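**Student:** requesting a structural model of the entry that follows:
(chains A and B)
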Amino acid sequence: MSYIISFRSCGAYYEPMENDTLFRFEDVHLQVGKIRILKGLNFEISKGEFVAVIGASGAGKSSLLRMFNALTSPSQGNITFRGTSIDADIQTLRKNVGVLFQNPVVFEGTVRENLLIAGRWDQNITQTLDHEILKALDQVGLKDIELTHHARDLSGGEQQRLALARTLLNHPQVILLDEPTSNLDPKLAREIMDQIEKLRKLLNLTIIAVSHDHMLMRRYAKRVIILSHGEIIGDGDFKALDNSQAFENAGLLGNEVNDAT
Amino acid sequence: MRPDFYVLNWNDLLVSSLFIVFSIFLIKKWKLGLENTLLIGSLRTFVQLTIMGYVLTWFFDQQHWAFMLTLLFLMILIASYEGSRRQKKEIPHFFAAMFVALLSSALIILGTILLFILDVKPWYTPYAAIPIGGMIIGNGLNSTALTANRFVGELKHREKEIETLLALGATPKEAVFDAMKASIHAALIPNINAMMTVGLVQLPGVMTGQILAGIDPIIAVRYQIMIMYMWFTTATMANMIMLAIVYRQFFTPKLQLRSELLREKA
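**Tutor:** A predicted model of the protein is given here:
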């Protein structure tokens, strides 16, 4: 473990104040069958952070991300959200911790029906007023879209924004991003990431993004967690860790690093 | 003039076995290689049904409520076993789900028919309870087995959709509600279609049997109408009860989809 690099102790930004801690992972393991996917993770995430989790494919990034909204539970170890066990009230947790998947799921029906899908079980959503819907659409850059438009006719990028707006109507504190831009072209990917960064500042959101594209992530995330074979081999300031030994050990450094700016 | 009875005797059966002889001739001519299987099949038909005839005769002589209930209970057990055997992917506790679904729909529907519609006295008279119970259980079995398969298919197909709904804060029931609706819908459509066309193209088996046995067609038709209604209600009830138990098996207590159950077994 000698190659673990931690910048926690040297940067004021990462010295979380007690009441600012959102997530705390304590010795979190995940084993599925005989395969050990995550091996003893320890870290905290504070309110307002933009954290990128990067690693080669198969490093356990997506499994880790699914733990933040309890779609997957650790086989060993503890996760707390705002000081209480993450399992205490899973439905409320999931409203607080939204997720944007790689391929957004858009349901049969109109834009409005998609946005209000949670109204099937949540009275608060049923009572969402039109101006709130329009505000959410505006916040994700879909200002000019018709609410009666058929949602499955939207382009890939628009569908991704629609899924983001749907999450925003739950008034989340955290948004998880699971390779949200890997199916979009670079320009569109950057537009959506810009929008998310703007939202983070505006709504004081915490963003946790999983990606193999560290070139894109370094533009937004201040902190990076580098995963390799289910272990954290680097956690700290993105700029400081860039091009470090940890990046190389994670199998992330290729030719493209030369034209990084 | 309506004939009183067409009674088949053993000689008549011997003549009807000429159908099989003729089929074997045709099969041989086309070299389909099915003659042995057909021979075994037709012998089994003969032996199994003949035995069943004697068994039923004995059943019909039993006049005791405990006997009737035990028999129905056994039929439901066998149907539940058969239903779980037909499951391509293993659903946890499917046997129990089938059992509860078939038992409750049989109790309610058979009870209603015996007590309030046919006014059978005493209610455990085997002549009514056994064939009607058999129809309810058999129909419930076929319908629920199909629906369960369809439901697992829907879950597999909608896995991302279900996780998206869970991630938005849905309960497992809300997350799979569309999948449940789609699979029940698919199960009930054929039943409704059968009600649409019954009598136009083909006469149902029960009615044909009754007419051949000398029952007035007007009466036979009334039975058939009741049976069609009964079938539909059985299918609806049994499917809903079964799905209400089955969908829970696909979630953990932490409201997570057990997607490992949807993967093909190696």
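**Student:** neighbours of whichever residue of the stretch 151-261 of chain A sits closest to chain B, how many?
**Tutor:** Using CB to the nearest CB, the point where the stretch 151-261 of chain A gets nearest to chain B is residue A:170, with a distance of 6.4 Å. Yep, even glycine has a C-beta here, placed from its N, CA and C like the rest. Other residues lying near residue A:170 total 19 when counted by other CB atoms under 10 Å in any protein chain shown.
**Student:** now the residue nearest to residue A:69 when sequence neighbours are not counted. Its backbone dihedrals?
**Tutor:** With CB to CB, 6 or more residues apart in numbering or on different chains as the criterion, residue A:69 has its nearest non-adjacent residue at 4.3 Å, and that residue is residue A:97. Its backbone dihedrals place residue A:97 at phi -120, psi 90, with angles given as degrees, to the nearest 10.
**Student:** one step back: what sits against the residue of the stretch 151-261 of chain A closest to chain B?
**Tutor:** The neighbourhood of residue A:170, defined by CB atoms under 8 Å, 6 or more residues apart in numbering or on different chains, consists of A:95-96, A:98, A:118, A:125, B:168-169.
**Student:** tell me the one of these nearest residue A:217?
**Tutor:** Residue A:217 lies nearest to residue A:98 out of the contacts of residue A:170, by CB to CB, at 18.8 Å.
**Student:** I'd say that closest one and residue A:172 touch.
**Tutor:** Yes: when contacts are counted by CB atoms under 8 Å, residue A:98 is listed as touching residue A:172 (3.9 Å).
**Student:** those two: who's more crowded?
**Tutor:** Here residue A:98 and residue A:172 are set side by side on neighbour count (other CB under 10 Å), and the busier one is residue A:98, at 25 against 21.
**Student:** ok but that one is inside a strand, no?
**Tutor:** Yes: assessed with DSSP: H, G, I helix; E, B strand; the rest coil, residue A:98 lies in a strand.
**Student:** that older thread, for the residue nearest to residue A:69, the count of nearby residues, please.
**Tutor:** The burial count assigned to residue A:97 is 26, neighbours taken as other CB under 10 Å.
**Student:** distance to residue B:95, pLDDT and secondary structure added to the contacts of residue A:170, as CSV?
**Tutor:** Compiled in CSV, the contacts of residue A:170 are given as follows (distance: CB to CB, whole Å; pLDDT from 0 to 100; DSSP: H, G, I helix; E, B strand; the rest coil):
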residue, distance to residue B:95, pLDDT, secondary structure
A:95, 37, 95, helix
A:96, 40, 96, helix
A:98, 39, 96, strand
A:118, 35, 89, helix
A:125, 39, 85, helix
B:168, 34, 96, coil
B:169, 33, 95, coil
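**Student:** check which helices and strands the helix or strand where residue B:73 lies sits against.
**Tutor:** Here residue B:73 sits within helix B:65-85, counting by DSSP states H and E. Contact here means 3 or more CB pairs under 8 Å, 6 or more residues apart in numbering or on different chains; DSSP states H and E; on that basis helix B:65-85 packs against helix B:94-112, helix B:126-157.
**Student:** point out where the stretch 101-250 of chain A drops to low pLDDT.
**Tutor:** Residue ranges of the stretch 101-250 of chain A with pLDDT under 70: none are present.
**Student:** which residue ranges of it form helices?
**Tutor:** In the stretch 101-250 of chain A, helices defined by DSSP state H, counting those that start in this stretch lie at A:111-115, A:123-126, A:130-139, A:156-168, A:186-203, A:214-217, A:238-241, A:245-249, listed in chain order.
**Student:** got the residues of the stretch 151-266 of chain B near chain A?
**Tutor:** Proximity of the stretch 151-266 of chain B to chain A is confined to B:160-161, B:163-171, B:174, B:177, B:252, B:254-257, B:260 under the rule CB under 8 Å from any CB of the partner chain.
**Student:** hmm, back to that, pick the most deeply packed of the helices of the stretch 101-250 of chain A.
**Tutor:** Each of the helices of the stretch 101-250 of chain A was given a mean neighbour count from mean count of other CB atoms under 10 Å in any protein chain shown, and the largest, a mean of 23, is that of helix A:156-168.
**Student:** any part of that one near chain B?
**Tutor:** Yes: using CB under 8 Å from any CB as the criterion, contacts between helix A:156-168 and chain B involve A:163, A:166-167.
**Student:** just those residues now: which is nearest residue B:87?
**Tutor:** Distances from the residues of helix A:156-168 next to chain B to residue B:87 were compared by CB to CB; the smallest belongs to residue A:163, at 34.5 Å.
**Student:** which residue comes closest to that closest one once chain neighbours are left out?
**Tutor:** Here the nearest residue to residue A:163 in space, its sequence neighbours aside, is residue A:104; by CB to CB, 6+ apart that works out to 3.6 Å.
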